[in-house]
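>>> Fold the following and give me the result.
(chains A, B, C, D, E and F, ligands or ions: 12)
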Protein chains: 6
Amino acid sequence: MKNQPISGNDLARFSGPQSFMRLPQLESAAGLDVGFIGIPMDIGTSWRSGTRMGPKQLREQSAMIRPYNIQTGAAPFDALQCADLGDVAINTFNLSDTIRIITETYAAHLKHDFIPMTLGGDHTLTLPVLRAIAAKHGPVALVHVDAHADVNDEMFGERETHGTVFRRAYEEGLITADKVFQIGLRGTGYTADDFTEAAGWGFNQYLAPELWHKSLTPLAAAIKAKIGDQPCYISYDIDSLDPAYAPGTGTPEIGGLTTAQAMELIRGLRGLNIVGCDLVEVSPPYDPSGNTALTGANLMFEMLSILPGVPYR
Amino acid sequence: MKNQPISGNDLARFSGPQSFMRLPQLESAAGLDVGFIGIPMDIGTSWRSGTRMGPKQLREQSAMIRPYNIQTGAAPFDALQCADLGDVAINTFNLSDTIRIITETYAAHLKHDFIPMTLGGDHTLTLPVLRAIAAKHGPVALVHVDAHADVNDEMFGERETHGTVFRRAYEEGLITADKVFQIGLRGTGYTADDFTEAAGWGFNQYLAPELWHKSLTPLAAAIKAKIGDQPCYISYDIDSLDPAYAPGTGTPEIGGLTTAQAMELIRGLRGLNIVGCDLVEVSPPYDPSGNTALTGANLMFEMLSILPGVPYR
Amino acid sequence: MKNQPISGNDLARFSGPQSFMRLPQLESAAGLDVGFIGIPMDIGTSWRSGTRMGPKQLREQSAMIRPYNIQTGAAPFDALQCADLGDVAINTFNLSDTIRIITETYAAHLKHDFIPMTLGGDHTLTLPVLRAIAAKHGPVALVHVDAHADVNDEMFGERETHGTVFRRAYEEGLITADKVFQIGLRGTGYTADDFTEAAGWGFNQYLAPELWHKSLTPLAAAIKAKIGDQPCYISYDIDSLDPAYAPGTGTPEIGGLTTAQAMELIRGLRGLNIVGCDLVEVSPPYDPSGNTALTGANLMFEMLSILPGVPYR
Amino acid sequence: MKNQPISGNDLARFSGPQSFMRLPQLESAAGLDVGFIGIPMDIGTSWRSGTRMGPKQLREQSAMIRPYNIQTGAAPFDALQCADLGDVAINTFNLSDTIRIITETYAAHLKHDFIPMTLGGDHTLTLPVLRAIAAKHGPVALVHVDAHADVNDEMFGERETHGTVFRRAYEEGLITADKVFQIGLRGTGYTADDFTEAAGWGFNQYLAPELWHKSLTPLAAAIKAKIGDQPCYISYDIDSLDPAYAPGTGTPEIGGLTTAQAMELIRGLRGLNIVGCDLVEVSPPYDPSGNTALTGANLMFEMLSILPGVPYR
Amino acid sequence: MKNQPISGNDLARFSGPQSFMRLPQLESAAGLDVGFIGIPMDIGTSWRSGTRMGPKQLREQSAMIRPYNIQTGAAPFDALQCADLGDVAINTFNLSDTIRIITETYAAHLKHDFIPMTLGGDHTLTLPVLRAIAAKHGPVALVHVDAHADVNDEMFGERETHGTVFRRAYEEGLITADKVFQIGLRGTGYTADDFTEAAGWGFNQYLAPELWHKSLTPLAAAIKAKIGDQPCYISYDIDSLDPAYAPGTGTPEIGGLTTAQAMELIRGLRGLNIVGCDLVEVSPPYDPSGNTALTGANLMFEMLSILPGVPYR
Amino acid sequence: MKNQPISGNDLARFSGPQSFMRLPQLESAAGLDVGFIGIPMDIGTSWRSGTRMGPKQLREQSAMIRPYNIQTGAAPFDALQCADLGDVAINTFNLSDTIRIITETYAAHLKHDFIPMTLGGDHTLTLPVLRAIAAKHGPVALVHVDAHADVNDEMFGERETHGTVFRRAYEEGLITADKVFQIGLRGTGYTADDFTEAAGWGFNQYLAPELWHKSLTPLAAAIKAKIGDQPCYISYDIDSLDPAYAPGTGTPEIGGLTTAQAMELIRGLRGLNIVGCDLVEVSPPYDPSGNTALTGANLMFEMLSILPGVPYR
Ligand SMILES: [Mn+2]
Ligand SMILES: [Mn+2]
Ligand SMILES: [Mn+2]
Ligand SMILES: [Mn+2]
Ligand SMILES: [Mn+2]
Ligand SMILES: [Mn+2]
Ligand SMILES: [Mn+2]
Ligand SMILES: [Mn+2]
Ligand SMILES: [Mn+2]
Ligand SMILES: [Mn+2]
Ligand SMILES: [Mn+2]
Ligand SMILES: [Mn+2]
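Ligands and ions are numbered 1, 2, ... in the order given. You can find the predicted model right below:
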């Protein structure tokens, strides 16, 4: 039998190890299908900090999640061997060094064939993760759910921050531009072409106002059709959600997605050849109740539920 | 003239007695049509505690509610004699003793013909309340709004907790199984049949994803038609709402109802032969702003507004 | 070139002056097209206080807004000369004296031809602002977004409070009654005609339940058509939003607007002859995260984006 | 037997009526020795508001206090008939009218011979209370514990605010100047004689730095000796305490008293002919934990414990 | 070399396992000198709940503690083999069953010769822990630091709660009455002999007022002399501290100890034959900043620093 | 007349510009005696972040400070020309670049003869500030109040962080080692010589336990005598205070100073030839009440009050 989360009927949910869903904690990905990895950083953020505490709070809140997805029938732990691989040992005083460490750590882990599911941390982390992913799988399709396109060229002269990730990934050929889907974009910008330049590269952008009052199930279907069976990465920035649903984040933008839409979107992507996922930008000091992290942990579970090989009951 | 809430034009809303809607506080239900009763308990909860402070905060926030329901025209205080009957004197160290006390207290109150409206407190309380209700009225139809079905068989070997209420009620014949409506179910479970066994008993279950993006007015109409004139109980777990709308609760689940949907549902049930209501699982420490309790207090007022005999202007 | 907000790429968003959008701070409106003015008051509130800290927090959170409205293409700072005119020097111990001071301050400012955009403060302030506006422009059309109609006759014997504003404005001829649009009304009242008397004067009222689950774009179009080119004032009470979206306010009412709806409404009003706007009732102590103020600041920016003369890219 | 607080062994502390110490709630002071009265106001405050919620939170937290003062042996409820007289029906929109209402309400109550113990509310309330007290008892000695002397002449042209109370009381002859003791003064001022003018009237002032690191028992003894048997009023501003001990207040000043010193001071005043007490400036929004109010409620109980006639066991 | 906490220079303090001081997590005490054990319960509390989250937050905050006690020179990890033994699998719905489970779990662990250091949880847990301790070591001397004597006979008819612990321990002969030292007692009571009956049994009680403004070093020396080399247990209730120092607890009482005094007391007990320690009553929902838990974790480290065998540098 | 803070009697304290004490905001130090400068950074912190918001909250809370120091008689604005010079335009993504920018900015400002008073920001900033200070004044005496010695050699391989400041300053000859006074040291360390190596360089260290229960006036006198008239810098880390007094900081350590002691210390240093001061490590997200920042702002004012040339009344 595969690793199972500790049951809330065996050990009260407010106790036990603080691993993701109270899974076993391992050092190596050998033998795993899925590994949860924390990257506790916030030095790539431009406004409110605090995401360094994100992995801790995501794991704490994940204790409430039971193993079976009642709404969809997914039973990920019946077939996938899952564990928590702990945190990347970042250098909290040096962003570029941290980026280097992340790539190296993921490259080492990815000698094993497993799917890394990353608990952030600020969005900068997706760049070094994609470098390791692309080194293994080649350029990937990308589903990027976010209030922001994160395609700035530089910020204060720095080329690798939480706001420049996907321009760098494009330039470096880590992603297949016309298989990039950016969903939930909104907020304000510096010029009229803050977003549109990326559209010129081939990025498919879905601004929030197009999505208001609607189910995202059709959008998910369309995206799935376009991506086909190319290896695909999902990067989920919690600020794609409206601040009503995810107040605990660093750069909230009003008019965002609902959690219902987020779940419709993820559930609709079932069948993709997913090779990695992340959930970023949960900032615990701005939501001490833990509800934002609870939301993030549940979305992580939804992504787990659509991985290749998950049986449905 | 019937008892009236103290008007905010006579005494500032932030002052006066802390009874529900600043109604008179009585010891006995004699002569009442409706009595508000607090059950300040949280020892039946499995994750975050704090609902023992729920009745206090519900009453505090209810001070903002005025007597006339502008949106529907309901004028409950024109026709119903209402009062606050205070709190049940529970034993906070002993769950099973508390359950016994609740049933006895309600049985004593129900020697008078009035409708008890209960301010919780964790959901465990609905079981002993239903025992007293069924003793008076026979098995009741049930509208149960909740993220959770609360039909576990046992938790840590205990058969009466906030997660087992409606299995026990079914087994004991307190409720009419095919007139049970569970609305808003979602979250995760231990097995594929966590919910479906109850469906086998006859329970009608409405999972949250079926309800997203929709008015609940048609659902309410359908439920009302099926229940007919059987005595009916409404049990409203605040966690049926999305955590964006009700962050202050013990076991929040994402993807829930909006308050608009909650009001559509309750308003659509007008005409039922309601014999009791409760509003449970408000946990003040997780929402010090009081907004979750304000929401709960308003939903209580909406339930009051559809009781038999309420005139509409 | 017109005044520009300090760019987040020149000076980190968490630094710099605390003016609205980090615009220049001026004493006089001479030469301006738009002036942001704070009125830090809460002595006109009936339930929770704290809006005296509103202008501070609105300005603090406005630092996150960039100058270009990506969703609509509006580029207000390309054409309009904007600045922050600081706070009105109110008398915090005396409501009637404060009302006098506001009118006089606005009258003095309005010797210059500019559009005042007011950061509140409790809703009482709209009355003295309208007095100054009407003295310059004559009676105005009014778009009033609020959970409350604010048409009480008096409260504790006082005729000028946050709950009586629009009755006084009507009586004094500051507004054109049949061009008044009250949007988002809900909550509870003292009598069946709490709202309907104002309907008799000609006010157009849109209760929240009519607006649930819907885009407000059609409503905006209808309002715009009715107002035509009459000078128009927009008064935006943050409590028009659901408490999920705006928890930090003094008299929250459940079942309110979403921020998406608020933006649809404002964007749909583009083309009106707007002569003033306000954003009121943000109460920072009830949302220390700052998200309610962030929402308010963004709605202010949306109103700025539809002012006459704003170019769209 | 006299009225007793509801015992925590009869009814859990988190339930029951929200009166002070869960005493009976009465309308009239007839037959009482002591009456607790709330004055829920904050419109006399100059910086942070919120004290309008003070009486509510003081009563809520008082539920934790048991009837017997273990540290001193005082047993106030063995001899004194106590009750909660509810809140004064202030006009929250008009400070001067509120001041009038307070005096009239107290004057009416004081037709009965009892000691009013006031739960504030901002410090402005002490002026109208003293007017009623002096009308009955003549000029009183005053023990005034506060970070501030509250002897401004006016603020924004207003002569009756929370910062002018004791100048007005002096001018009106409500207090005996050389029997006024101001304890804990500190903070900053506008001129060198902000405090010293009052010293010229005869006020005895004890600045905080003189009191650091010391027991206040000797000071209390000295004050008691000087006051003798003149009727005496104690006005306790919670901001006399250091913000570490009382964070939830409107105008905190660092370097204040400890709660140990506050208790030493009050206990040392036993034997005075106390005719009234107040506890003011608790602002709940700035301490949602309730600990500041808990502190205030305990200091109120300490003052109760030294009233004339209290037996010691 | 013995187990070492993960260094903050190897892995950022905000990452890594959530064990106490990031020590290894083990199932068995075999080979250990010291084992940290969590008991996540709050169903024995009488006022505010929330201590069920205590062990989690104590561990989270303990990540900031480095291995060497700079102020005293203690180097516990140089000589003692330490690990985290996880949480006791309590039954959160049944207090008496939980008490049984705790005793059995500790009895099983204590087949190994190690010192259990317990992270609470409410104070009820000390009774079952003492049962296991006394079964191994015989009656113990007790240093009990607390605002409350916890010697009630029963509460709501229950004989085993957080308020009755030391009466039961006395009756059962688990502790040597004249070697019991209760330090920091204060607050209020039901009768004059709430505390004094225990004094009659031989308990040595030190009320808070005796300790104000003083170093506790002399008291510690006196206690140490009286206890001699009898096996000794330290039970540290965080509410012994003043709420200024430990706001996050269930039954705070003003006028308590400072953390300086707490450290003086513990440091002064070095040399005792300590066989167990606990730190109880940290309630995270009432201090989301984590500072109360940080204080508790540091006091735990101070107790660790005085265990037999700890070298001093 | 010199620049004066805006009076709270001219403009309500909750309004007006958000400069330090509402002083004029200038770009250049020309003509100033004292300039307040913000350095909004937190990327040099090792545990909790958030100090990037420090300067904002320090300025906001400084609005409560009046110009005259009642307790000491200091009247700094009578003689010193003071202004707020805004924030340093740091690069929030790059610590070493930020350090470079700070030195350059201060070097440019210090072409004028004025005293920079820095609002932090994390403690890293003191290193680049000292570089600029020493370039102008030569090596300085240092009064360093802190829980931590900040003399690590490196952290994660980085040599310039908030934990290495004073080792670097010593190595670079920016400070005169035997005129360095480190006050309030405590907490835990990695080895026995974490602090003592610095003692070997000549640093004078005062651990917290030596200071408990004592006035710091004698210590200040001793320090002043040893420093004599050498140019002196004061670096005040808010975590020198006990977390009870300053909860909003990144690396709190229990058993710290009281604010009374902090004021005794600063006041006792009057007469030193102070050439610069800073107040660092206020982290607003961990104290949303603002009280920690209020404390910091008051300590800044105390430092201002002892600058050369300040008259005393
Ligand atoms: Mn992003
Ligand atoms: Mn984003
Ligand atoms: Mn339920
Ligand atoms: Mn539920
Ligand atoms: Mn309004
Ligand atoms: Mn409103
Ligand atoms: Mn005062
Ligand atoms: Mn004061
Ligand atoms: Mn205890
Ligand atoms: Mn205790
Ligand atoms: Mn430091
Ligand atoms: Mn430090």
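
>>> ok, the residue lying closest to residue A:177 once chain neighbours are set aside to residue A:226 distance?
Nearest residue to residue A:177, sequence neighbours excluded (Cβ to Cβ, 6 or more residues apart in numbering or on different chains): residue A:202, at 3.5 Å. Backbone N, C-alpha and C define where each C-beta goes, glycine included. From residue A:202 across to residue A:226, the span is 11 Å (Cβ to Cβ, to the nearest Å).

>>> got any ranges where chain A has weak pLDDT?
Counting by pLDDT under 70, chain A contains no low-confidence residues.

>>> can you point me to the longest strand in it?
strand A:175-185 (DSSP state E).

>>> ok, is the following helix or strand past that strand in contact with chain C or not?
Per DSSP states H and E, strand A:175-185 leads on to helix A:196-201 as the next helix or strand towards the C-terminus. No. If you take Cβ under 8 Å from any Cβ of the partner chain as the test, helix A:196-201 misses chain C, and the best it gets is 9.4 Å.

>>> What lies in contact with helix A:196-201?
Helix A:196-201 is touched from outside by A:149, A:151, A:166-167, A:170, A:177, A:182, A:205, with contacts defined as Cβ atoms under 8 Å, 6 or more residues apart in numbering or on different chains.

>>> ok, now with 10 Å
A:149-151, A:153, A:166-167, A:170-171, A:175, A:177-178, A:180, A:182, A:185, A:189, A:191, A:193, A:203-205, C:70 (Cβ atoms under 10 Å, 6 or more residues apart in numbering or on different chains).

>>> count of neighbours near the closest residue to residue A:207 other than its chain neighbours?
Leaving out its chain neighbours, the residue that sits closest to residue A:207 by Cβ to Cβ, 6+ apart is residue A:185, at 4.9 Å. Neighbour count for residue A:185, taken as other Cβ atoms under 10 Å in any protein chain shown: 28.

>>> One more: residue A:27?
For residue A:27, the count of nearby residues is 8 (other Cβ under 10 Å).

>>> cool, the one 10 residues further on as well?
For residue A:37, the neighbour count with other Cβ under 10 Å is 24.

>>> you'd agree it is in a helix?
No. Per DSSP: H, G, I helix; E, B strand; the rest coil, residue A:37 lies outside any helix segment and is strand.

>>> check contacts around residue A:211.
Counted by Cβ under 10 Å, 6+ apart, residue A:211 has contacts A:183-186, A:219, A:255-258, A:261, A:265, C:260.

>>> swap that for residue A:27, please
A:83, A:85-86.

>>> residue contacts, the residue nearest to residue A:207?
Taking Cβ under 10 Å, 6+ apart, we find residue A:185 in contact with A:144-150, A:194-195, A:198, A:205-211, A:240, A:253, A:256, C:70-71.

>>> distance of it from ligand 5?
Separation of residue A:185 from ligand 5 (Cβ to the ion, to the nearest Å): 33 Å.

>>> Tell me how far that residue lies from residue A:147.
With Cβ to Cβ as the criterion, residue A:185 and residue A:147 are 7 Å apart.

>>> quick one: common contacting residues for those two?
Common neighbours of residue A:185 and residue A:147 (Cβ under 10 Å, 6+ apart) are A:208, A:240, A:253, A:256.

>>> So for stretch A:290-308, what gets flagged as buried?
Of the residues in stretch A:290-308, A:290-307 count as buried by neighbour count, 16 or more other Cβ atoms under 10 Å in any protein chain shown.

>>> Please, where are all the helices along the stretch 51-200 of chain A?
Secondary structure of the stretch 51-200 of chain A, counting by DSSP state H, counting those that start in this stretch: helices at A:54-62, A:76-79, A:95-109, A:126-137, A:165-171, A:196-201.

>>> The stretch 201-313 of chain A now?
For the stretch 201-313 of chain A, the helices defined by DSSP H, counting those that start in this stretch cover A:208-211, A:217-227, A:259-268, A:291-305.

>>> Compute the inter-axis angle for the longest one and helix A:259-268.
The reference is to helix A:291-305. Angle, helix A:291-305 to helix A:259-268, by axes from the mean of the first three to the mean of the last three Cα atoms, to 10 degrees: 20 degrees.

>>> the strands in the stretch 1-150 of chain A, which residues?
Using DSSP state E, counting those that start in this stretch, the strands of the stretch 1-150 of chain A run over A:34-39, A:82-87, A:115-120, A:140-145.

>>> Quick one: closest of these to ligand 12.
For ligand 12, the closest of the strands of the stretch 1-150 of chain A is strand A:82-87, at 24.3 Å, according to Cβ to the ion.

>>> circling back to that earlier point, identify the contacts common to residue A:202 and residue A:226.
A:178-179.

>>> Please produce a markdown table containing the strands of the stretch 1-150 of chain A, extended by distance to residue C:76.
Formatted as a markdown table, the strands of the stretch 1-150 of chain A follow (distance: least, Cβ to Cβ, whole Å):
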| stretch | distance to residue C:76 |
| --- | --- |
| strand A:34-39 | 38 |
| strand A:82-87 | 44 |
| strand A:115-120 | 34 |
| strand A:140-145 | 29 |
